[in-house]
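Enquirer: Structure for the following, please:
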Amino acid sequence: MNIEKFKAEGKEATLYHSKGSGSPLILLNNYAGDGKSVMEAAEQLEEKDFNLLCVGNLNWDQDMTPWDCPMISPKDTPCMGGADGYLKFLLEDILPECIKRVDGKPSHISIAGYSLAGLFALYALYHTDVFERAASISGSLWFPDFKEYVFSHEMKKKPEKLYLSLGDKEARTRNPYIQAVQENTESIVGHFRRTGIDVTFEMNPGNHFKNAALRSAKGILAII
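Expert: Residues are numbered from 1 along each chain as shown. Coordinates of the predicted model:
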């Protein structure tokens, strides 16, 4: 496996090269690690050739959130709503550097993410036409006012394919914010389908933290 690492403004990027030229490029924003476990899980599931760009060392509660949100539990930190700035950084710094390094022009450039990064993956589609497909894996679609945002705004362009997933126990919580995650996710899936978008929705066994790498790999493979 050919792997390259590079940095930009403190963010750490790991590029897993495809075997062939012109393969899809998937951008994965990752809470921790360099995406190796996701890439290995994808290789074990199915033989598909793609480039994976994993971006880490994120300010998670800032970079991945579209607007401010107070602490949702005593042990949590508030969300600072820095998604617009982070997206600008991705488009102007990280992606151009990555595209220089891949072999050939990618057949499509797509975005994926788990948890808050899954929220960001969908939000990005409303602010750029660069990403042609997206995977929101166990996405934090409980986020206050996000469902209403989706219902009242249009994407920059209609994506070729979307994948959304959730754990079947994620909504079983006393937290009033997260309790809404399944209802919101299913409502958003229905909205996308009504607008004619090709959407795959999958329920996985377990809570939010079970088999994150495997779930991420499934989501990535689904949009290739």
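Enquirer: make it CA atoms for all contacts and neighbour counts henceforth
Expert: Fine.
Enquirer: Any idea how many residues pack against residue 155?
Expert: Counted with other Cα atoms under 10 Å, the neighbours of residue 155 add up to 15.
Enquirer: Give me the pLDDT value at residue 152.
Expert: For residue 152, the model assigns a pLDDT of 98.
Enquirer: Phi and psi next, for the residue nearest to residue 109 when sequence neighbours are not counted.
Expert: Nearest residue to residue 109 in three dimensions, chain neighbours excluded: residue 25, at 4.9 Å (Cα to Cα, 6 or more residues apart in numbering). When read as degrees, to the nearest 10, the backbone of residue 25 gives phi -120, psi 120.
Enquirer: contacting residues for residue 25?
Expert: Contacts for residue 25 were tallied using Cα atoms under 8 Å, 6 or more residues apart in numbering; they are 50-53, 106-110.
Enquirer: ok, 10 Å please
Expert: By Cα atoms under 10 Å, 6 or more residues apart in numbering, residue 25 lies in contact with 15-18, 49-53, 95, 98-99, 102, 105-111, 131, 224.
Enquirer: same thing with residue 156?
Expert: Residue 156 touches 124-131, counting by Cα under 10 Å, 6+ apart.
Enquirer: Buried subset of those residues, written for PyMOL?
Expert: A single PyMOL command selects the buried members of the contacts of residue 156 (16 or more other Cα atoms under 10 Å):
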select buried, resi 124+125+126+130+131
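Enquirer: quick one: which of the contacts of residue 156 is nearest residue 44?
Expert: residue 131 (25.7 Å; Cα to Cα).
Enquirer: So which bits of the lengthiest helix in the chain are buried?
Expert: In the chain, taking DSSP state H as the definition, the longest helix is helix 181-194. Judged by neighbour count (16+ other Cα under 10 Å), helix 181-194 contains these buried residues: 181-182, 184-186, 188-189, 192.
Enquirer: ok, now stretch 89-102?
Expert: 90, 94-95, 97-98, 102.
Enquirer: got the phi/psi numbers for residue 111?
Expert: phi -130, psi 140.
Enquirer: Among the contacts of residue 156, which ones are in helices?
Expert: Among the contacts of residue 156, the ones falling in helices (DSSP H) are residue 124.
Enquirer: What about the contacts of residue 156, which are in strands?
Expert: Among the contacts of residue 156, none falls in strands (DSSP state E).
Enquirer: out of the contacts of residue 156, which one sits closest to residue 37?
Expert: Proximity of these to residue 37 (Cα to Cα) peaks at residue 131, which lies at 23.4 Å.
Enquirer: wait, doesn't that closest one sit right on residue 108?
Expert: Yes. Residue 131 sits in contact with residue 108 when judged by Cα atoms under 10 Å, with a separation of 7.6 Å.
Enquirer: Name the SS class of residue 110, please.
Expert: Taking DSSP: H, G, I helix; E, B strand; the rest coil as the rule, one finds residue 110 in the strand state.
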